[in-house]
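Enquirer: sequence first, then the predicted structure:
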Amino acid sequence: MTEKINSFPQVLTIAGTDSGGGAGIMADLKTFQMQKVFGTAVVVAVTAQNTLGVQDSFLMPLELIDAQFTSLAADFKIRTCKTGMLGDAAHVHQVALNLKKYDFGPITIDPVMVAKGGAPLLSKDAVKTVKEELLPLADLVTPNLPEAEVLTGIKANSEKQYPALAHALQEMGVKNVLIKGGHAENELVRDYALLADGTDFWISSPRTHTKRTHGTGDTLAATITAQLAHGQTLSAAIKLGKQYVAKAIAETIQVGHGHGPLNHWVKIN
Ligand SMILES: Nc1ncnc2c1ncn2[C@@H]1O[C@H](COP(=O)(O)OP(=O)(O)OP(=O)(O)O)[C@@H](O)[C@H]1O
Ligand SMILES: Cc1ncc(CO)c(N)n1
């Protein structure tokens with residue numbers, strides 16, 4: 001029998017691992033698999049983590065970051081990519097250098113700073129490097145509320161300020177912005193998108209009252225990355241991302257004793 005060759009778009013996540021399987025590279029790869037794209041990964045950090053918190057972490061040697069990028073560039077046609085946990089300023093810088101060197105398609109930056117339990121995933125002094133070196137490379141940035149505040153220096157106490165946060169981020173060089181509203185306390189969880197052409201829209205879903213929200217941001221950005229690789233427009237990809245993450249939170253699974261992971265098995269189409 002001759003082989004039957006199936007082809008899937010190839011995508012890349014540049015982030016940290018989560019031994020607990022719910023966030024970071026693990027959430028990204030599960031999402032990629034469900035969205036029918038072929039997932040690859042540059043491991044920037046390894047975390048010893050579960051649903052209760054981050055117990056330990058280690059950042060990869062910078063040469064190994066370069067080596068992973070080189071391996072992928074030599075053999076794959078990466079259509080889109082995303083970043084997650086990047087650890088410190090030196091690693092943000094190294095990732096930015098590699099993203100400038102290779103064309104891995106549209107770049108989604110999820111500016112991960114703190115884990116759900118409060119553990120830092122990006123050192124404070126790295127924020128400057130994210131702003132100066134990474135954001136200008138981003139096609140899309142997807143901060144949660146606290147991250148948007150840190151990046152812009154604007155304190156936001158209501159949804160009315162999301163457009164101001166997004167415009168401030170655009171002024172920092174990002175083309176498209178998605179502000180995530182998971183950290184607000186409203187009954188409707190509303191995210192706000194501001195696109196490069198100046199158009200904007202809100203997307204909302206009912207809030208699921210649960211502590212099982214580990215990896216929500218990673219899952220959203222990974223879905224957008226996958227859908228862009230399938231050729232969806234950015235606004236369609238964002239809407240599909242929100243739909244997937246809302247369903248994956250609502251149809252919960254029982255894993256661990258703390259901030260449990262999402263149900264990546266849900267289907268949206
Ligand atoms: N309780 C919830 N019910 C429904 N949707 C939610 C809930 N919490 C978050 N979301 C949605 O999940 C996505 C991620 O939002 P959030 O603000 O939690 O990101 P995050 O803090 O970066 O997540 P994480 O750090 O866990 O990866 C957004 O689309 C948001 O609207
Ligand atoms: C490795 C890693 N990346 C991202 C997050 C945020 O969800 C986390 N908790 N752990």
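Expert: Received, thanks. Ligands and ions are numbered 1, 2, ... in the order given.
Enquirer: which helix of this protein spans the most residues?
Expert: Assignment by DSSP state H gives helix 234-250 as the longest helix of the chain.
Enquirer: flag every residue of the stretch 51-200 of the chain that's near ligand 1.
Expert: 116, 144, 180-183, 189, 191 (CB under 6 Å from any ligand atom). C-beta coordinates here come from the backbone N, C-alpha and C atoms, glycine included.
Enquirer: in JSON lines, list the residues you listed along with secondary structure, pLDDT and distance to Leu240.
Expert: Below are those laid out as JSON lines (DSSP: H, G, I helix; E, B strand; the rest coil; pLDDT from 0 to 100; distance: CB to CB, whole Å):
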{"residue": "Lys116", "secondary structure": "coil", "pLDDT": "81", "distance to Leu240": "24"}
{"residue": "Asn144", "secondary structure": "strand", "pLDDT": "95", "distance to Leu240": "19"}
{"residue": "Lys180", "secondary structure": "strand", "pLDDT": "96", "distance to Leu240": "15"}
{"residue": "Gly181", "secondary structure": "coil", "pLDDT": "92", "distance to Leu240": "17"}
{"residue": "Gly182", "secondary structure": "coil", "pLDDT": "89", "distance to Leu240": "17"}
{"residue": "His183", "secondary structure": "coil", "pLDDT": "85", "distance to Leu240": "22"}
{"residue": "Val189", "secondary structure": "strand", "pLDDT": "94", "distance to Leu240": "16"}
{"residue": "Asp191", "secondary structure": "strand", "pLDDT": "97", "distance to Leu240": "13"}
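Enquirer: any of those residues buried? List them.
Expert: For these, a burial check counting by 16 or more other CB atoms under 10 Å picks out 116, 144, 180-182, 189, 191.
Enquirer: and of those, the nearest to ligand 1?
Expert: The closest of these to ligand 1 turns out to be Gly182 (CB to the nearest ligand atom; 2.4 Å).
Enquirer: that older thread, dump the buried ones among the residues of the stretch 51-200 of the chain next to ligand 1 into CSV; add distance to Phe32 as well.
Expert: Shown next, in CSV, are those (distance: CB to CB, whole Å):
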residue, distance to Phe32
Lys116, 22
Asn144, 21
Lys180, 20
Gly181, 24
Gly182, 21
Val189, 23
Asp191, 21
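Enquirer: pLDDT score assigned to the residue of the chain found nearest ligand 2?
Expert: Going by CB to the nearest ligand atom, ligand 2 is nearest to Gly24 of the chain, at 2.8 Å. Note on Gly24: pLDDT of 98.
Enquirer: need the contact list for it.
Expert: Contact analysis of Gly24 by CB atoms under 8 Å, 6 or more residues apart in numbering lists 15-18, 47, 49, 84-85, 215, 218.
Enquirer: measure it to Ala138 for me?
Expert: Using CB to CB, to the nearest Å, Gly24 is found at 19 Å from Ala138.
Enquirer: can you give me the strands for the stretch 1-150 of the chain?
Expert: 10-18, 38-50, 53-59, 78-83, 107-109, 140-141 (DSSP state E, counting those that start in this stretch).
Enquirer: could the ones you listed go into CSV alongside mean pLDDT and mean neighbour count?
Expert: Output for those, formatted as CSV (pLDDT from 0 to 100; neighbours: other CB atoms under 10 Å):
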stretch, mean pLDDT, mean neighbour count
strand 10-18, 98, 27
strand 38-50, 98, 21
strand 53-59, 96, 16
strand 78-83, 98, 24
strand 107-109, 98, 25
strand 140-141, 98, 28
